[in-house]
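J.: Fold the following, please.
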Amino acid sequence: MLTVTLIRHGESTHNVLALWSGCTECPLTERGTQQARAVGAYFADTHFTNIYASPLPRARDTAQAVLDAQPTPKPTHDFTITDIREQSFGAAEGNQTCVREPGKTLEAHFAEGKYPILYESEKHVAFPGGESVEDLTRRGEKAVRDVVLPHVVNVARSGGNEHIALVSHGLCIAQLVGAIVRLGGGTWKRKGPMVNTGWVRVEVRIQGEVPLQVADDEVPAIEVTVTDEGRADHLEGLLDESSLRGMKAIMGGGVVDAKI
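T.: Modelled structure (predicted):
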């Protein structure tokens, strides 16, 4: 079986200001560093075989805290996986999130340097120079093919078990989980935004007899189950309202329901 644990980064300087962060290299706050250490300690008894991370400092430093807490010998790790960076918000990055003004077009908002939260029906829309949710979905699928699928194939070939961790960003994690579930022919929709260092776990089980040979790009018959979602047990004693800053405005996938 392959187990995939996906961890959101700790609180960043942009999170506390409710700014569009995207691919901006904003660091962890002091609180974010505490959260990263807490999630690392929480997983200290979990043997990760591999740890992967987005190269953005807030994710990379969170992943380093997880790695530091792992027993020796340390897991193989790579903190340069660009395809698990956060959604790029282009011109909006570094600007305050805001609610759309009634009767005003998106273009009019952009002309005024305002970048409102997008609706669920606007997954094809991107801020100038940025990515849409549809773009992020495609990038997440590529990341799963390049990073996760090789482990699925390894498990199918060996009949063994692996447990990998992906340290990424809230919106990207939603796309990564969805892409993993689709490998098994299923669908998944997140229940809500994740707090900083919240985590999701997915189990991938090989179905039937283990194939004698599996091509590197072949998806064997698998069953995919999301076993944990939005977990934040490790934050007990740390969690308060500030942990949701920057998340209250961005409701899952960078969009909000048009009825809100």
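J.: now stretch 82-100, how far from the chain's geometric center?
T.: 14 Å (Cα atoms, centre = their mean, to the nearest Å).
J.: in the strand or helix carrying Arg31, what's buried?
T.: In the assignment (DSSP states H and E), Arg31 maps to helix 30-42. Residues Arg31, Gly32, Thr33, Gln34, Gln35, Ala36, Arg37, Ala38, Val39, Gly40, Tyr42 are the ones in helix 30-42 that count as buried (16 or more other Cβ atoms under 10 Å). For every residue, glycine as well, the C-beta is placed using N, CA and C.
J.: From Thr33, how far out is the nearest residue to Thr80 once chain neighbours are set aside?
T.: In space, and not counting its chain neighbours, Thr80 is closest to Pro55: 5.0 Å by Cβ to Cβ, 6 or more residues apart in numbering. Taken as Cβ to Cβ, to the nearest Å, the spacing of Pro55 relative to Thr33 amounts to 18 Å.
J.: Excluding covalently adjacent residues, which one is nearest to the residue positioned nearest the centre of the chain?
T.: Closest residue to the average C-alpha location of the chain: Ile173 at 2.2 Å, with Cα atoms, centre = their mean. Counting by Cβ to Cβ, 6+ apart, Leu6 is the residue found nearest to Ile173 once chain neighbours are left out, at 4.8 Å.
J.: tell me which strands and helices the host helix or strand of the one you found is in contact with?
T.: Assigned by DSSP H and E, Leu6 falls within strand 2-8. When contacts are defined as 3 or more Cβ pairs under 8 Å, 6 or more residues apart in numbering; DSSP states H and E, strand 2-8 packs onto helix 57-69, helix 149-158, strand 162-168, helix 170-183, strand 199-206.
J.: make it 6 Å
T.: helix 149-158, strand 162-168, strand 199-206 (3 or more Cβ pairs under 6 Å, 6 or more residues apart in numbering; DSSP states H and E).
J.: Lovely, talk soon.
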